[in-house]
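Chemist: sequence first, then the predicted structure, then my questions.
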Amino acid sequence: MTDSPLKIRPAEACRWDVAALGEVMLRLDPGEGRVRTARRFDVWEGGGEYNVARALAKGFGRRAAIVTALPRNDLGLLVDDLMAQGGVDRRHVVWRDWDGVGRNTRVGLNFTERGFGVRPAKGTSDRANSAASQLRPEEVDWASLFGAEGVRWFHTGGIFTALSETCAETALAAVQVARAHGVIVSFDLNYRASLWSAHADPEAARRFGREIARHVDVMIGDAWGFRQCLGLDVDPGADLDVAAEAYAREFPDVRIVAATRRRAETAGRNDWAAAAWCDGSTVRSTARPGLEVLDRVGGGDGFVAGLAHALLDGRDLQAAVEWGAAHGALAMTTPGDAAMVDAAEVEALVAGADARSLR
């Protein structure tokens with residue numbers, strides 16, 4: 001493929017290159033230790049959807065905005081300050097009054113161990129009743145965001161959708177309006193059984209997932225996710241070629257289906273690669289067997305950010321997959337959810353540089 005597979009709105013016609021919808025949590029990191037015995041934590045901001053916007057803003061110089069909700073207290077202000085440091089615009093944050101205790105609203109917390117050797121990475125979330133989980137479709141002026149302001153690329157995902165029924169309704173409303181305004185819509189399935197298990201409706205994940213999928217241009221997911229979240233009849237271990245064809249038969253408006261491929265030998269050594277499908281053809285990134293990993297959380301989000309950046313630049317799908325896989329690999333060399341990588345480092349890695357020459 002030599003041409004860009006997407007028709008993206010021109011930069012001069014839009015205020016934002018990317019907007020993301022999702023919860024932004026505080027990540028509390030015990031470093032090399034365990035949460036259960038920690039005496040101190042490093043603090044980061046993070047969230048599957050937000051991480052993509054932050055990487056595009058901080059690493060690639062894109063104009064990025066976040067749609068989320070926060071309580072009006074010191075923890076909410078801490079998240080806001082961290083997002084500001086990440087270069088992400090916060091004018092579309094919904095601020096909620098706080099009752100002084102946190103019964104009505106709060107900041108979601110994510111305690112994350114990086115893992116080491118045979119001990120895998122581990123996350124313990126404490127996010128019930130968070131401000132973002134209460135978002136409702138009518139709280140955001142979608143027509144203004146996607147129309148009057150203008151957005152080139154909109155990203156959200158299955159983690160936000162799973163937080164509550166109103167979050168799923170909010171995501172559905174957002175993708176519908178975005179698509180109506182010619183915005184490229186990407187969605188990362190990111191299926192988490194633990195998030196959906198508390199829903200009264202056991203079919204909620206599939207019901208909302210299928211409705212949202214009808215409005216998605218770039219779907220991030222694999223065969224297992226398509227089976228679990230969308231109910232597609234596909235072998236959960238199938239390669240992307242097979243999974244994407246099954247997805248496209250059900251949702252023919254999709255332009256790109258993409259996924260990372262990871263096999264963890266140990267917590268700090270993973271085989272890493274990515275692939276993307278478009279119009280019946282699949283391209284694959286450079287494989288990186290035995291990739292050394294410091295912190296695996298955010299690697300998939302890094303892939304999405306690199307992929308989106310290259311496509312926003314008008315690059316072809318092969319180049320976009322290489323940029324996504326390289327950015328994801330670099331994102332896992334630093335602590336915290338958010339990538340601390342710049343475009344020059346990604347470009348050098350795509351060109352074949354390594355730790356001896358990556359300057």
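Modeler: Good, I have the coordinates.
Chemist: distance of the residue of the chain most remote from its centre relative to Asn73?
Modeler: Of all residues in the chain, Gly100 sits farthest from the chain's C-alpha centroid, using Cα atoms, centre = their mean; the distance is 31.4 Å. In this view, Gly100 and Asn73 are 8 Å apart by Cβ to Cβ, to the nearest Å. (C-beta placed from N, C-alpha, C; glycine too.)
Chemist: neighbouring strands - and their directions - for the host helix or strand of Phe111?
Modeler: Using DSSP states H and E, Phe111 maps to strand 109-113. Its sheet considered, strand 109-113 pairs with strand 25-29 (parallel), strand 122-126 (antiparallel) by DSSP bridges.
Chemist: and that strand, what's buried?
Modeler: Using 16 or more other Cβ atoms under 10 Å as the test for burial, strand 109-113 gives 110-113.
Chemist: likewise stretch 132-151?
Modeler: Neighbour-count burial for stretch 132-151 flags 132-135, 137, 140, 142, 145-147, 149-151 (criterion: 16+ other Cβ under 10 Å).
Chemist: which residues of this structure score low on pLDDT?
Modeler: 1-2, 196-202, 355-359 (pLDDT under 70).
Chemist: go again with 80.
Modeler: For the chain, applying pLDDT under 80 flags the ranges 1-2, 191-205, 339, 353-359.
Chemist: show me where it has helices.
Modeler: Using DSSP state H, the helices assigned to the chain run over residues 48-54, 74-85, 142-143, 158-161, 165-180, 193-196, 204-213, 223-230, 240-250, 299-312, 317-331, 343-350.
Chemist: deepest-packed of the ones you listed, please.
Modeler: helix 48-54 (a mean of 30; mean count of other Cβ atoms under 10 Å).
Chemist: who does that helix touch, helix- and strand-wise?
Modeler: Contact analysis of helix 48-54 by 3 or more Cβ pairs under 8 Å, 6 or more residues apart in numbering; DSSP states H and E lists strand 16-21, strand 64-71, strand 151-157, helix 158-161, strand 184-188, helix 299-312 as its packing neighbours.
Chemist: reformat these as a markdown table; add distance to Leu82.
Modeler: Below are the helices and strands packed on helix 48-54 laid out as a markdown table (distance: least, Cβ to Cβ, whole Å):
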| stretch | distance to Leu82 |
| --- | --- |
| strand 16-21 | 15 |
| strand 64-71 | 11 |
| strand 151-157 | 19 |
| helix 158-161 | 18 |
| strand 184-188 | 21 |
| helix 299-312 | 16 |
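Chemist: okay, the residue lying closest to Val175 once chain neighbours are set aside and Gly47: tell me how far apart.
Modeler: Distance criterion Cβ to Cβ, 6 or more residues apart in numbering; nearest residue to Val175, sequence neighbours excluded, is His215 at 4.1 Å. Using Cβ to Cβ, we find His215 at a distance of 21 Å from Gly47.
Chemist: of those two, who's got more company?
Modeler: Using other Cβ atoms under 10 Å as the criterion, His215 and Gly47 rank with Gly47 on top: 30 against 20.
Chemist: residue contacts, the more buried one?
Modeler: 22-25, 68, 159-160, 337 (Cβ atoms under 8 Å, 6 or more residues apart in numbering).
Chemist: let's go with 6 Å and repeat that
Modeler: 22-25 (Cβ atoms under 6 Å, 6 or more residues apart in numbering).
Chemist: Ala168 contacts Ile159, doesn't it?
Modeler: No: between Ala168 and Ile159 there is no contact under Cβ atoms under 6 Å: 11.4 Å.
Chemist: nearest residue to Gly268 other than its sequence neighbours?
Modeler: Val293 (5.3 Å).
Chemist: so that neighbour is in contact with Leu330, correct?
Modeler: No: counting by Cβ under 6 Å, Leu330 is not a contact partner of Val293; they are 10.9 Å apart.
Chemist: most neighbours among the contacts of Gly47, please name it.
Modeler: Top of the contacts of Gly47 by neighbour number is Val24, holding 33 neighbours under the definition other Cβ under 10 Å.
Chemist: how near is it to Leu311?
Modeler: 24 Å.
Chemist: out of the helices of the chain, nearest to Arg106?
Modeler: helix 74-85 (7.5 Å; Cβ to Cβ).
Chemist: for that closest one, output the C-alpha coordinates as PDB.
Modeler: Only the C-alpha atoms of helix 74-85 are listed here, as PDB (Å, rounded to 0.1, in the frame of the first residue of the first chain):
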ATOM      1  CA  ASP A  74      -7.200  18.700  45.400                       C
ATOM      2  CA  LEU A  75      -7.000  15.200  43.800                       C
ATOM      3  CA  GLY A  76      -9.000  16.400  40.800                       C
ATOM      4  CA  LEU A  77      -6.700  19.500  40.600                       C
ATOM      5  CA  LEU A  78      -3.700  17.200  40.700                       C
ATOM      6  CA  VAL A  79      -5.000  15.200  37.700                       C
ATOM      7  CA  ASP A  80      -5.700  18.500  35.900                       C
ATOM      8  CA  ASP A  81      -2.100  19.700  36.600                       C
ATOM      9  CA  LEU A  82      -0.600  16.400  35.400                       C
ATOM     10  CA  MET A  83      -2.700  16.600  32.200                       C
ATOM     11  CA  ALA A  84      -1.500  20.200  31.700                       C
ATOM     12  CA  GLN A  85       2.100  19.000  31.900                       C
END
